[in-house]
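Enquirer: Need coordinates for the following:
(one chain, ligands or ions: 1)
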Amino acid sequence: MSCRSQLASWQALKLSANKMKETHLKDLFAKDSTRFEQFSTQIPGVLFDYSKQQIDNNVFEQLITLAKECDITRWREKMFSGEKINITEGRAVLHTALRNRAESSLIIDDENVSSVVNAELHKIKLFVEKVRNGQWLGYTGKTVKDVVSIGVGGSNLGPQMATEALKSYADDTLKVHYISNVDGVQIASVLKNIDPETTLFVISSKTFTTSETMTNAKTAVEWFLDSANDKQAIAKHFVAVSTNLEKTAAFGIANENVFTMWDWVGGRFSLWSAIGLPIALYLGFDAFEAILEGAFEIDEHFQSAAFEENIPLLMALLSVWNTSFLGYESQAILPYDQALHMLPAYLQQGEMESNGKHVNFEGNKVAYTTVPIIWGMTGINGQHAFYQCLHQGNVVVPADFIASVEPQVSVGEHHDILLSNFFAQTEALMMGVDAQQVHSDLTAKGKSEAEIAQLLNHKIHQGNRPSTSMLLDKVDAKAVGRLIALYEHKIFCQGIILNVCSFDQWGVELGKGLASKIEAELLDDHINHPHDSSTNGLMAYYKQHRTQ
Ligand code: F6P
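Expert: This next block holds a predicted model:
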């Protein structure tokens, strides 16, 4: 792969960035009444408006050239065809195969991918129906009422985010609870409200070695056996989702109760595999299938749309433009839909774990900022918290605004009020309020020149804050599938443009390894590893002051 910063388009974009920093978005809108038509695109269920991004025709063309020079088409083919593009782990990256229900001849590691995917989906369907129909019985012959999903990171965030997004559609067949934190407070608060006779635990861990998940799973088994008092009963109350059959068996979960996933599915892209089992249990298999269908639609769009209309590619190009060229180091995700309240957390993992890298594919240090810091919360709550800084702080934070045309639940005028805020915020961030405007507003309010002079600078809003607006038809299962797949492909394109390997997470492994050494030291005073004085001091204080 070529060094990105030497590409002609990269050099051209650097020059354009200097110019664009001097240009105000409101002037671009004033100059061109067709800006919205030019810089927005629609696909079924999604309107994508990026006209409030700091680009002009010239930058747009340069970005499209960058995508071509980075060979996005060839990389896209490599991914969809199962080439091992996760070069540091020697794996294919095939989460797209999980939502393609057509039979194909793709063979990975001696397995026909579509056969194993469809077989596993069939197994999920039968299991879900059995549990939801009341045919799956616990050790005392009672039906399941509560599902407890234990997993962390990619084995938790996707299912929990989708569950939260779609809970308006749930019937009351089952309740679902998620446990991800090894902080005992979380599992204790779930266990105290459920009944072992009517609870099904889903232990989700690709590796089945993740310390937090294994600790929570062990606590759940102990709690269960306190009541059941019979190890045979575990088979009726514990199922696992994993690639590691040895470990699941060693844990005591019968093979027929293990749902498989594969090495070619990365944790943070695994919601479409059996990792999504809690979603299917909660909402029914049809809803899970609809999520897959929505994502498949986007896979088709991503593969067939021209670059100029290709939403995930445009999302990636805009992110690289904002971060690596304009120097904006963070990006806010602002859903104006309560259903999507976990989206920022989900995308934090998706984007930052994927592209938070400092070396390129060849292992050489890159000369540009890669991923921005992703953060956010529901827009309305954010408005009353951090938006002050978005409007008037001296850092610029590009934002994705996401809302739906139809609410999941219609209550009086709530949705119009919600959407008024959505529209108002993107407009205000872009337009700002200049000195002249502040002056005439204050004059109209009868303020004296002296009072105006005192207030003027405080009331100026610079504007020129870029945002993208996404309007979904409605947050339903298909829409959730579409939205997540759009971001997944964005992350993929962003990684290719930045020339980083988006599929590993060595930075996470570092902390995991050290934590397990320290855990041994906390449990046994005779074990001592060398640490810096701060870590030694913190550990000593903890050991001295802990009461148990
Ligand atoms: O956070 C690091 C990570 O490796 C994620 O990529 C993964 O989703 C998560 O841990 C959980 O891993 P596992 O599914 O193996 O328990």
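
Enquirer: From here on, just use CA atoms for contacts and neighbour counts.
Expert: OK.

Enquirer: ok, now which ones touch Ser40?
Expert: Residues in contact with Ser40 (CA atoms under 8 Å, 6 or more residues apart in numbering) are 47-51.

Enquirer: and the closest residue in space to it that isn't next to it in sequence, how many residues sit next to it?
Expert: Distance criterion CA to CA, 6 or more residues apart in numbering; nearest residue to Ser40, sequence neighbours excluded, is Asp49 at 4.2 Å. Neighbour count of Asp49, defined by other CA atoms under 10 Å: 21.

Enquirer: Next: Leu514.
Expert: If you count neighbours by other CA under 10 Å, Leu514 ends up with 10.

Enquirer: In a helix, it, correct?
Expert: Yes: counting by DSSP: H, G, I helix; E, B strand; the rest coil, Leu514 is located in a helix.

Enquirer: Kindly state the beta-bridge partners for the residue nearest to Ser40.
Expert: Taking DSSP bridges as the rule, Asp49 bridges to Ser40, Ser469.

Enquirer: Which one of the contacts of Ser40 is nearest to Leu126?
Expert: Nearest to Leu126 out of those is Leu47 (CA to CA; 36.3 Å).

Enquirer: for that closest one, helix, strand, or coil?
Expert: Here Leu47 is strand, with the state taken from three-state DSSP.

Enquirer: Could I get the pLDDT score of the residue located most distally from the centre of the chain?
Expert: In the chain, the residue that sits farthest from the middle, by CA atoms, centre = their mean, is Ser448; the gap is 50.8 Å. As predicted, Ser448 sits at a pLDDT of 97.

Enquirer: That one and Gly82, how far apart?
Expert: 70 Å (CA to CA, to the nearest Å).

Enquirer: ok, now Glu521?
Expert: On the measure of CA to CA, Glu521 and Gly82 end up 43 Å apart.

Enquirer: Neighbour count for these two, which is higher?
Expert: Between Glu521 and Gly82, Gly82 has the larger neighbour count (other CA under 10 Å), namely 20 against 16.

Enquirer: Which elements pack onto the helix or strand harbouring Ile496?
Expert: Here Ile496 sits within helix 477-498, counting by DSSP states H and E. Helices and strands touching helix 477-498, by 3 or more CA pairs under 8 Å, 6 or more residues apart in numbering; DSSP states H and E, are helix 72-80, helix 157-166, helix 285-304, helix 311-320, helix 354-355.

Enquirer: Neighbours of Glu246, how many?
Expert: Neighbour tally, Glu246, other CA under 10 Å: 12.

Enquirer: in the stretch 201-350 of the chain, which spans are strands?
Expert: Along the stretch 201-350 of the chain, the segments classed as strands by DSSP state E, counting those that start in this stretch run 238-242, 258-260, 330-335.

Enquirer: Tell me which of the ones you listed approaches the ligand most closely.
Expert: Nearest to the ligand, of all those, is strand 238-242, at 7.4 Å by CA to the nearest ligand atom.

Enquirer: Those residues of the stretch 201-350 of the chain touching the ligand, which are they?
Expert: By the rule CA under 6 Å from any ligand atom, the part of the stretch 201-350 of the chain lying against the ligand is 205-208, 210, 267-268.
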